[in-house]
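Chemist: please find the sequence and the predicted model below.
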Amino acid sequence: MLAQFGFGMFVLTFLLSLFSMVTAVLGYFNKSDRWVETARRAMLLTFPLITLAALTLIFLLVSGHYELEYVYSVTSNDMPLYLKITALWGGQAGSLVLWSWLMAAFASAVTLRKWERDRELLPWVIVVTSVTLAFFLSLSIFYENPFVRWWQTTGGEFVQRMFAPAGAIAITPTDGQGLNPLLRHPGMILHPPMLYLGFVAFVIPFAFAIAALVTGRSDDRWIRLTRQWTLVAWLFLSLGLVLGMRWAYDVLGWGGYWAWDPVEIAALMPWLTGTAFLHSVMIQEKRGMFKQWNMLLIILTYSLVIFGTFLTRSGVLSSVHAFSQSAIGPMFFAFIGITFVTSVALLIYRWKDLHSDVEMSSMFSREALFLLNNLLFMGVLIVCFWGVIFPLISELVTGQKVTVGPPFYQRANAPLFGALMALMGIAPLSAWGKSTFKTLGRALWKPSIPSAIVPLVLVILGVRNWIAMVGFTLIAFVIFVTLFEFWRGARSRQKKTSEVFLVSLWQLARRNRRRYGGYLIHISMVVMAIGILGIELYQTTTQKTLAVGEDIQIAGYTLRYDSLAQFPYTDGRIVTRAVLSVFQGGKFLGELYPRYDYYPSGQLMTIAGVRSTLADDLYVVLVNWENVSAAQTPFKVYHNPLVNWLWIGSLIFIFGFLVAAWPVREADIQER
Amino acid sequence: MTIWRHEMQNSPRTGVQGRVKFIIGGLLILAAVIYLIVSSTQANAEYFMTVNELESKAASLVGRSLRISGAVVGSTIHYDPQTMNLTFDIANVPGDNASIETGGGLAAVLHAAVTDPKRTRLTIIYNGPQPDLLRDEAQAIVTGHLGDDGIFYADELLLKCPTKYQDAVPSQVVNGN
């Protein structure tokens, strides 16, 4: 009964979003505020309705209604309550529900606000959000329905249907398969909703952009209205990516955090266009330039968001060789194609209205450097996109399937990321409008001096890798320039106000939060780069089969294998756990406990033993092997220098973001 | 704003001349990106092929980066835990989804490949711990290169056991609501 209720709510929300879309269009063309108001109310109603559907599904998950195929596949009796709730996004059907739920929530939040000043935008914001919502709901209703249940047909076959096939008997399993143990990790519990929050929030600026295009408003109103949405979308997308890395590092047991897997790239691509967008809208706000470009960026971001949702959930790419493809693939491609072509057509139609207010004059002006930043982000995007579609293209053209792996992405992207880092150092010191090489040089020379010492220090420390030299020098350059900017700003304020330096610094950041928060985010990015350079360039690894008492050496550490234990855990999994002592130069540093767990379902989880310091991580994997014994135990050990800075950087990132985007009563949104 | 714009248009540094500068700059960046993509693709392309395809082009492929998929022949698996040297043979299975479908699904195709002695086989050498999924009739996707000796030296080993994933039907069920 409950399942039917939930499904009914889906259908109702779907019809309501279609109704809202049609009424909004009619209201716009008939210039009828009453119709638009009706559309707005319909939009507002979608959220409570889909909330009912989602809560129904959560209730079914929590109460163990294993007669539903989705509940059966992602929960089991032995799972704790919080995992049963988060199982909502543990599979494809449930993730799509989460997507629609968030979409309805954001669309409602947008339509709730006062619309007196921008009335003409409202109908088109409603149209875009309700079309997107209707699309995702239709996937849930027609293809990936989480409410289908098990039936046994007269032929004895088990089938999954919403309604009973003729003569079939309803089947109720007593226990479910349970969530894949790899997904029972804090990083994995938060990672999908974070990514989805980011994905869905980007729909809002897109909706306003389309509304501006349709209504012919060529000012930056749509950008100002959605600034907070863009920032929040970007924050969650970034956090989602970092949590995914952390999860991979903790759970997958291969000593890395990012594998350039198509699914990872699919989540990275909207981040790249989103980051470019975040930068280039500032130029439009300040100088009235890049209007067409910003439109194109947000259109691309929207398409990549839909594409990313599709790739991360459909499993098309990873299953090309073994498993059947999901039915939703063609639907996604059709939707992306139609929305992209329509949006670009609109943009071309309004192209002339969106010319720049001023022309760019200097190659060294801040706007020119922002343009360069955008081009570099597009470069990285093209590299990533090429890597993903290259196998398909080569198969079409030559009939031979050729793939490119991580070395391709590393090689092609490294110079682009390096250039982006250099820009992070240079751009904050450049001036708007007229800026020459000379003026830029005058601003740059002071902070450049300490960074010039960095390569010398590195040589003394024994670094010979030129990529590391360039990379660490750029990192130092960005940090010095940014700190210099803080210092310079605080000093000039101090001179005027004669405050204590720290007070000046605080007041400075408080009054220009967007700017100084942004600088903190720059610092966080290069701090993350320290970790990435460390693990990418200096990771070492060794493997050995040990008997208890034997040891293994890596990077100056000695690991002594002390004991092995195998025992069942309360939830039925069999834990195999080793104890190793870590020594450096004869000094005992601590113990490590690598282990692997076999779940009753046959699934395996490998948890590395990690000793983490600011200088390096020692990462020990107990390799699962059927014949494992205290006399023969295979280990794999990784030495990952500096990788901790990747996670420290992401904490700085959150701090910088809070500085930049903490809500204030923004007078300029209401006025102007 | 309008005064500023007026000035800009009259200044000799902008206009066509100014724009050309930026177009050239943009083209240079585009060229750099294309160069990076082309050269990195050439240097890092991995050819995905079946055992039969490898056999027919063996001579031209020595030293190239390759990904080969095939069915693991259980009786050929040898593992020395001390040196961590692992060797096994894989038998040819068709690469496209259509012929896997007509062959009765992946499990059936893998079974047919291993039991048919006439299938082309390839010996794989891998240094590393033996994966538990390495079993008779598992699908192996190996990444590495072909040696002059006709043996495939794998750096990476990916295994799939189709039966494990087809178990999506409830095993313990009770009838009724």
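Modeler: Looks like it arrived, so ask away. These figures come from a predicted structure and were not determined experimentally. Numbering: from 1, shown residues only, chains lettered A, B, ... in the order given.
Chemist: which helix runs longest in chain B?
Modeler: helix B:15-44 (DSSP state H).
Chemist: check the offset of the very next helix or strand once past it from the chain's centre.
Modeler: Elements were assigned by DSSP states H and E; along the chain past helix B:15-44, the next helix or strand is strand B:45-50. The chain centroid and the centroid of strand B:45-50 are separated by 6 Å, computed with CA atoms, centre = their mean, to the nearest Å.
Chemist: can you list the strands that strand B:45-50 pairs with?
Modeler: strand A:401-404 (antiparallel), strand B:66-80 (parallel) (DSSP bridges).
Chemist: mind putting those strands into a markdown table with distance to A:Ala452?
Modeler: In short, each C-beta sits where N, CA and C put it, glycine included. Converted to a markdown table, these look like this (distance: least, CB to CB, whole Å):
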| stretch | distance to A:Ala452 |
| --- | --- |
| strand A:401-404 | 36 |
| strand B:66-80 | 45 |
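Chemist: just those: most buried one?
Modeler: Highest mean neighbour count of the strands paired with strand B:45-50: strand A:401-404, a mean of 21 (counted as mean count of other CB atoms under 10 Å in any protein chain shown).
Chemist: close to chain B: what parts of the stretch 451-600 of chain A are there?
Modeler: A:543-545 (CB under 8 Å from any CB of the partner chain).
Chemist: mind running it again at 10 Å?
Modeler: A:543-545, A:596, A:598 (CB under 10 Å from any CB of the partner chain).
Chemist: ok, the residues you listed vs chain B, which is closest?
Modeler: Closest approach between these and chain B, by CB to the nearest CB: A:Thr545, at 4.6 Å.
Chemist: highest neighbour count among the residues of the stretch 451-600 of chain A next to chain B?
Modeler: Highest neighbour count within those: A:Tyr596, with 23 neighbours (other CB atoms under 10 Å in any protein chain shown).
Chemist: helix, strand, or coil at it?
Modeler: In three-state terms, and counting by DSSP: H, G, I helix; E, B strand; the rest coil, A:Tyr596 is strand.
Chemist: which stretch in the strands paired with strand B:45-50 is the model least sure about?
Modeler: Lowest mean pLDDT within the strands paired with strand B:45-50: strand A:401-404, at a mean of 84.
Chemist: how about the host helix or strand of B:Ala59 against chain A, any contact?
Modeler: Take DSSP H and E as the rule and B:Ala59 turns out to sit in helix B:58-61. No - against chain A, helix B:58-61 shows no contacts by CB under 10 Å from any CB, the least distance being 11.3 Å.
Chemist: what packs against that helix?
Modeler: Under the contact criterion of 3 or more CB pairs under 10 Å, 6 or more residues apart in numbering or on different chains; DSSP states H and E, helix B:58-61 touches helix B:51-56, strand B:139-146.
Chemist: turn the ones you listed into TSV, including mean pLDDT and mean neighbour count.
Modeler: What follows is those, written out as TSV (pLDDT from 0 to 100; neighbours: other CB atoms under 10 Å in any protein chain shown):
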stretch	mean pLDDT	mean neighbour count
helix B:51-56	87	18
strand B:139-146	89	20
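Chemist: JSON lines for those, including distance to A:Leu122?
Modeler: Formatted as JSON lines, the helices and strands packed on helix B:58-61 follow (distance: least, CB to CB, whole Å):
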{"stretch": "helix B:51-56", "distance to A:Leu122": "58"}
{"stretch": "strand B:139-146", "distance to A:Leu122": "52"}
